[in-house]
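*Asks:* take this sequence and fold it.
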Amino acid sequence: MATFKIEVNVDWVKEDENLDEIIKEEIASSIIKTVSEKAIKDIETKVDSMVNSAVLEKINARLDEVLQDFMNRPRTITDKYGDTLKSGVSVMDLLKEQCDQFIDSYVDNNGNTIKTPRYGESKRRIDYIIEKNIDYEMKRSIERSVGQIKDALQKYINDTLKAQIGENIAKAIGLDKITAQIKE
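*Replies:* Presented below is the predicted three-dimensional model:
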């Protein structure tokens, strides 16, 4: 259900005009104006959202294009004197190379990078990472297993002790004699 506010302004009515007709025309034109304004606003909203999504898609596509170009365009690497060190290398290649160097670099027993490897005191970073992860998983598994064994032992000891204490108390108070007397 729609609600309309209609104002009718009748300044002058000529002799041959009908007041009812003038009011009907004013009401009709007011309704048409209100409905058309609402329709125009709805259309504007839909167009804005369509334009915004299309613009965002174009922006995202352009950003992706620029990023791909930046990452994959061949470049020439020079030293501080301008001498060519490498040519035809992309940023992606440089990132991969840096990752490889990072993983293959040597670290001490605390994981700190060292320049020169020392026998027994250094290892490759990838080996260090793998050992730490294995140690962590092993420690977690052992702690979980120890906890389960501890709980099972406590339950067994409690149940066994209760049974033995119950038998000893029964012998001490002569429970067999008491139950024999009850049967008689």
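*Asks:* tally of neighbours for Val107?
*Replies:* 19 (other Cβ atoms under 10 Å). (Each C-beta comes from the backbone N, C-alpha and C, glycine too.)
*Asks:* before we move on, what about the one 3 residues further on?
*Replies:* Burial measure for Asn110: 6 neighbouring residues, criterion other Cβ under 10 Å.
*Asks:* quick one, phi psi at it?
*Replies:* phi -100, psi 0 (degrees, to the nearest 10).
*Asks:* show residues contacting stretch 90-107.
*Replies:* Residues outside stretch 90-107 that contact it (Cβ atoms under 8 Å, 6 or more residues apart in numbering): 70-75, 77, 113-114, 116-117, 122-126, 128.
*Asks:* let's see that with 7 Å instead.
*Replies:* Stretch 90-107 has contacts (Cβ atoms under 7 Å, 6 or more residues apart in numbering) with 70-75, 113-114, 117, 122-126, 128.
*Asks:* please compute how far it lies from its chain's middle.
*Replies:* Centroid displacement of stretch 90-107 relative to its chain, using Cα atoms, centre = their mean, to the nearest Å, is 27 Å.
*Asks:* can you start the count at 5 instead of 1 from here on
*Replies:* OK, 5 is where the count begins now, so the last one is stretch 94-111.
*Asks:* name the residues of that stretch that are buried.
*Replies:* Within stretch 94-111, the residues scored as buried using 16 or more other Cβ atoms under 10 Å are 109-111.
*Asks:* re earlier: just the buried residues of the contacts of stretch 94-111.
*Replies:* 126-127, 129, 132.
*Asks:* could you work out the most separated pair of the residues you listed?
*Replies:* Ser126 and Arg129 (10.0 Å; Cβ to Cβ).
*Asks:* related to what we said a few turns ago, out of the buried ones among the contacts of stretch 94-111, which is nearest to Ser40?
*Replies:* Arg129 (70.5 Å).
*Asks:* contacts for stretch 113-125?
*Replies:* 109-112, 126, 132.
*Asks:* which two of these have the greatest separation?
*Replies:* Greatest spacing in those, by Cβ to Cβ: Ser109 and Asp112 (11.2 Å).
*Asks:* start to end distance for stretch 88-97?
*Replies:* This stretch, stretch 88-97, spans 17 Å end to end (Cα to Cα, to the nearest Å).
*Asks:* tell me the mean pLDDT for it?
*Replies:* Mean per-residue pLDDT for stretch 88-97: 89.
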